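Participant: Mind folding the following:
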Amino acid sequence: MVALGKTQYSNNFKTIVNRMIRVVLFEDNKNFRESLSMYLAGNENIWLIGNFPDARDAVSIVKRHKPDVVLMDIEMPHKTGLMAMAEIKQVFPDTKILIQTVFEDEERIFQAICGGASGYIVKSPDPEKYVQAIREVQEGGSALSPSIASKVMKLFQNQFVKSQNTFVDLTQREKDVLACMVKGLSYKLIADACGISYSTVNTHVKHIYEKLHVNSAPEAIIKAIEMRLV
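Facilitator: Next up, the predicted model:
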């Protein structure tokens, strides 16, 4: 009976762990890193595998820990977050990377999105915003802070909008969902705005990715603006 109990406990533990989002944090500010790490480690849906003061060994760290989401500061000593992201993406293209920074300038935003970032959020004293962003990225969302989403939209409207004749057969509901994505809304807010369920939003987003031939929400947003779909 004791052996069976241990086996059952082991199976339950594995089930819980498999449901958790594996996260690695790169952040050079010690106080911020430690406080955010403590909060994330205490969240039942997140498994904080490790936190690091710089990204010099980012590729080997990702290879060793196999995180679902990498939370990457953009400005660190020795190697910037954008440089580290480029190296990670070259070796592990499917790794989701969430950029977190105090910088809102267009050049960094553009570099991050074009470099394959799954999200770009402005640093906040509210740790719950990081939890929400991590969940959003893990589920395929863009996790763009509202101010960042606005800058992305203006950036591509003013500088990078191209005339496109390619026909994309999006349904009206898919267009509604895509328009909400461009505004930087979370899946929950999209569901509320469109009067549909959370799971239905997820289904529409998958169809949008397939039709636009993209793999992430930032890519879908860029293409939507370039092709004037919204």
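Participant: before we move on, which element is residue 177 in?
Facilitator: helix 172-182 (DSSP states H and E).
Participant: Could you list the buried residues of the helix or strand just after that helix?
Facilitator: Using DSSP H and E, the helix or strand that follows helix 172-182 towards the C-terminus is helix 187-194. The neighbour-count check on helix 187-194 (16 or more other C-beta atoms under 10 Å) flags 187, 190-191, 194 as buried. In short, each C-beta sits where N, CA and C put it, glycine included.
Participant: So which residues of this protein form helices?
Facilitator: 2-19, 30-41, 58-65, 81-91, 106-114, 128-138, 146-155, 172-182, 187-194, 198-212, 217-226 (DSSP state H).
Participant: which pair in the buried residues of helix 187-194 spans the largest distance?
Facilitator: 187 and 194 (10.6 Å; C-beta to C-beta).
Participant: Tell me where the model's unsure across the protein.
Facilitator: For the chain, applying pLDDT under 70 flags the ranges 1-18, 105, 142, 145-147, 149-167.
Participant: most packed of the helices of the chain?
Facilitator: helix 217-226 (a mean of 22; mean count of other C-beta atoms under 10 Å).
Participant: joint contacts of residue 187 and residue 194?
Facilitator: Both residue 187 and residue 194 are contacted by residue 201, under the criterion C-beta atoms under 8 Å, 6 or more residues apart in numbering.
Participant: domain ranges for this protein?
Facilitator: What the record gives for the chain is the domain set 2-138, 152-226, from automatic domain parsing.
Participant: hmm, back to that, in TSV, list the helices of the chain along with distance to residue 97.
Facilitator: As requested, the helices of the chain are exported to TSV (distance: least, C-beta to C-beta, whole Å):
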stretch	distance to residue 97
helix 2-19	22
helix 30-41	16
helix 58-65	9
helix 81-91	5
helix 106-114	9
helix 128-138	8
helix 146-155	15
helix 172-182	18
helix 187-194	19
helix 198-212	17
helix 217-226	11
